[in-house]
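**Q** sequence isn't available, so here's the structure alone:
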């Protein structure tokens, strides 16, 4: 039966996203693939996702390498399909059907066609395939050209950021798999030569673009992936938004006491962020203009009916703002549980696309970094953000006497196109009252 070559192209990723970076190939040239089989992991501005193949056949060509940036409409892979007489081009499913990256069961990345790709090296346009599609048997780094299997894109990225390729290490996992601990051990040793990897200036199969040291000792680090997106969006925010920042010292002694009382009475763990989120939601209901976005094309301020609370989080992938959708309709307990889920997912940064879109206001607790205050950039298209600093023992005047109290700094950045300073000042005053006297919030519920 005749074989037709079909190109699988990068689909429209949605929300104006037109490019993605290849994190990991899940197949190699010569592999047999089936319909809906995940074949590649790509990182967009939103998350790392697996893309499934829309047809079955034998992989003929990989059009890009790990670390390359690909654009919507660009061919990713060519598959030889039995039947038909004319070449065809197929697109992957839209971003709504792309599968979020998830941990794979043992053997997940094993090849279905183990003979063809092993007999010959991957073509020049497909560097890095050998590392991910290799046989699960252990490999020795003293063998010429040997590489170790590396399943996790986070492990690859961590090694890449420190100037070496993870697949050049001797892995301690099952079948010689390179684990995060292996990479961290090499970093702690101050380099990668001790682990048998190639020098940072050398080029090895499977390498993504990595920091390059110059003769004078300077290091050039490529701006790619999520860091590139963050840079572009922060630049746009600073350029386009006439922002203003206000701040206030607040006595958080009673808030801490309320948190402890909640934990004792319910037997559950409560975070300050959960209570602050409760206050923010209540405040946005009273000053809904802060729960808006600006549509400059239409010349309109869009005041949103739903409160979708974004939580700024430093994750394993970098700064992200996952969203609690429908926060305005949640109980305090439901907000707490949603925040707990975000904290767990932030350890990997593998949020689903839907959880990284649609935010209407952001809560940013930078006190965890030991900072008192900040003038953060607005997370467009939102128009305001509340920042929370660390809590310290400070002298405070209470009933005419100086006492030691638990003090935090609140800061708020807002878009001056949407409102003047009176609205955010009133909002901040309300949040302050809730923090200083949490029970007062009950009167408005």
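**A** Yep, it's here. What you see is a predicted model; the values in this text were computed from it and never measured. Numbering: from 1, shown residues only.
**Q** okay, CA-based contacts and neighbour counts for the rest of this
**A** OK.
**Q** ok, residue 307 touching residue 323?
**A** No: in this structure, residue 307 is not within contact of residue 323 by CA atoms under 8 Å, at 10.0 Å.
**Q** list residues touching both of these two?
**A** Contact criterion CA atoms under 8 Å, 6 or more residues apart in numbering; residues bridging residue 307 and residue 323 by contacting each: residue 359.
**Q** check contacts around the residue nearest to residue 79 when sequence neighbours are not counted.
**A** In this structure, residue 79 finds its nearest non-sequential neighbour in residue 59, 4.5 Å apart by CA to CA, 6 or more residues apart in numbering. Shown in contact with residue 59 (CA under 8 Å, 6+ apart): 27-33, 77-80.
**Q** same thing with residue 395?
**A** 402-405.
**Q** state the helix or strand in which residue 333 lies.
**A** helix 332-346 (DSSP states H and E).
**Q** next SSE downstream of that helix?
**A** strand 361-365.
**Q** partner strands of the helix or strand following that following strand and their direction?
**A** Next helix or strand after strand 361-365 toward the C-terminus (DSSP H and E): strand 384-388. Counting by DSSP bridges, the strands paired with strand 384-388 are strand 361-365 (parallel), strand 401-415 (antiparallel).
**Q** most packed of these?
**A** strand 361-365 (a mean of 23; mean count of other CA atoms under 10 Å).
**Q** average pLDDT across that one?
**A** Mean pLDDT, strand 361-365: 95.
**Q** begin at 25 from now on, thanks
**A** Sounds good: first residue 25 from here, last item strand 385-389.
**Q** pull the distance from that strand to the chain's centre.
**A** Here the centre of strand 385-389 is set off from its chain's centre by 16 Å, with CA atoms, centre = their mean, to the nearest Å.
**Q** want to throw the strands paired with strand 408-412 into TSV with distance to residue 192?
**A** Below are those laid out as TSV (distance: least, CA to CA, whole Å):
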stretch	distance to residue 192
strand 385-389	39
strand 425-439	46
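**Q** nearest to residue 321, of those?
**A** Across those, residue 321 has its closest neighbour in strand 425-439 (16.7 Å, CA to CA).
**Q** strand 408-412 and the helix or strand following the closest one, what's the angle between them?
**A** Remark: after strand 425-439, the chain's next helix or strand is helix 446-460, criterion DSSP H and E. Helix 446-460 and strand 408-412 are oriented at 30 degrees to each other (axes from the mean of the first three to the mean of the last three CA atoms, to 10 degrees).
**Q** show me what helix 446-460 packs onto, helices and strands only.
**A** strand 267-275, helix 277-290, helix 296-310, strand 425-439 (3 or more CA pairs under 8 Å, 6 or more residues apart in numbering; DSSP states H and E).
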